[in-house]
Each structure stands twice: as C-alpha cells, then as structure tokens.
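[1] Let's see this in three dimensions:
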Amino acid sequence: MKIDHVTLLVSSLDKSMPYYDCLLPQLGFSKTTPHNWTDGDGFFFQFLQAHPDTRPYERYGAGMNHLGFSATSAEQVKQIRQTMQDAGFTVPDIQNLGGSQALFMKDADGIRFEITYYAPGAAVVD
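    Take a look at the predicted model:
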C-alpha cells in the first residue's frame, strides 16, 4: 500500500489557503477543488477547517512533526524560498546540513514543511 492523502486541519482556510496556493504548485501539485491538491499520481492534500475549541499545533508534541519534500537541485530550494518570500510569507534562511540544502518553513498554524536537496554523497539528516 502507499499513502494516498494527507488531511491538514487549519485554523482559518481564508488565512491558510494563500500559503498553500503559493507553495504546492512549486512542489508539483495541482488544485482539483478549492481545498484539495494532487500530485497527479494518486496522492492528495486535503484542507479542512479545524474546530474552534481545539489546541493548536505544538512543536515537539505528539503527532506529526513535519512534511518533507526532496528537491531536484539546490537552486530549486532557493527558488521556492524566494517565491514564498516574494508572496509575503515569512521564510527562514536555507540551512546547510552536511552538503544538503534544507528549507524549513511553517504555515500560519505552525504546520512545518521541509524542502531539501540531498547533494550526491551527502548524508540524509533525520
């Protein structure tokens, strides 16, 4: 079996969707409905409104820590960072992890995305 979808609950669809509308096309996804994206190969991201009485995402708490994507080049990591920054989102500096170039971003709710280019011969960092 393979994973076929990830459902992300966000505190505000109005605040969160501009972020994902900018990020997901850069990662190879296309929009199928206002709150659903696909990679065209059977994998989907679905976004739903969180209930107002729930706790926000906490770093190092139990649950999903981040979603990681593998870039095809260090230049692609730089381009994604620049596009997100140009769109007005807060984007940290790219980190050099033993030759790999990693960008760690988070959306308005703190959901983290990692975009990493693994240089040939560089160790994969967990």
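
[2] element containing residue 85, please.
    helix 74-86 (DSSP states H and E).

[3] Quick check: neighbours of the helix or strand following that helix in the sheet, parallel or antiparallel?
    Proceeding N to C from helix 74-86, the next assigned helix or strand is strand 95-97, under DSSP H and E. Sheet pairing for strand 95-97, assigned by DSSP bridges, gives strand 100-106 (antiparallel).

[4] and the partner strand, average pLDDT?
    Averaged over strand 100-106, pLDDT sits at 94.

[5] Extract the CA atoms of that strand and return them as PDB.
    The C-alpha trace of strand 100-106 is given here as PDB (Å, rounded to 0.1, in the frame of the first residue of the first chain):
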ATOM      1  CA  SER A 100      22.400  19.100   1.700                       C
ATOM      2  CA  GLN A 101      20.400  22.400   1.400                       C
ATOM      3  CA  ALA A 102      17.300  22.400   3.600                       C
ATOM      4  CA  LEU A 103      14.500  24.900   3.900                       C
ATOM      5  CA  PHE A 104      12.200  24.600   6.900                       C
ATOM      6  CA  MET A 105       9.000  26.600   6.600                       C
ATOM      7  CA  LYS A 106       5.800  26.700   8.500                       C
END
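
[6] what angle separates that strand from helix 74-86?
    If you take axes from the mean of the first three to the mean of the last three C-alpha atoms, to 10 degrees, strand 100-106 sits at 20 degrees to helix 74-86.

[7] Pull the distance from strand 100-106 to the chain's centre.
    Relative to its chain's centre, strand 100-106 lies at 10 Å (C-alpha atoms, centre = their mean, to the nearest Å).

[8] Tell me the strands beside whichever helix or strand comes after that strand, with direction?
    Next helix or strand after strand 100-106 toward the C-terminus (DSSP H and E): strand 112-117. Strand 112-117 has these partner strands in its sheet, going by DSSP bridges: strand 66-70 (parallel), strand 100-106 (antiparallel).

[9] just for this protein, where's the confidence low?
    Within the chain, the stretches with pLDDT under 70 are 57-63, 122-126.
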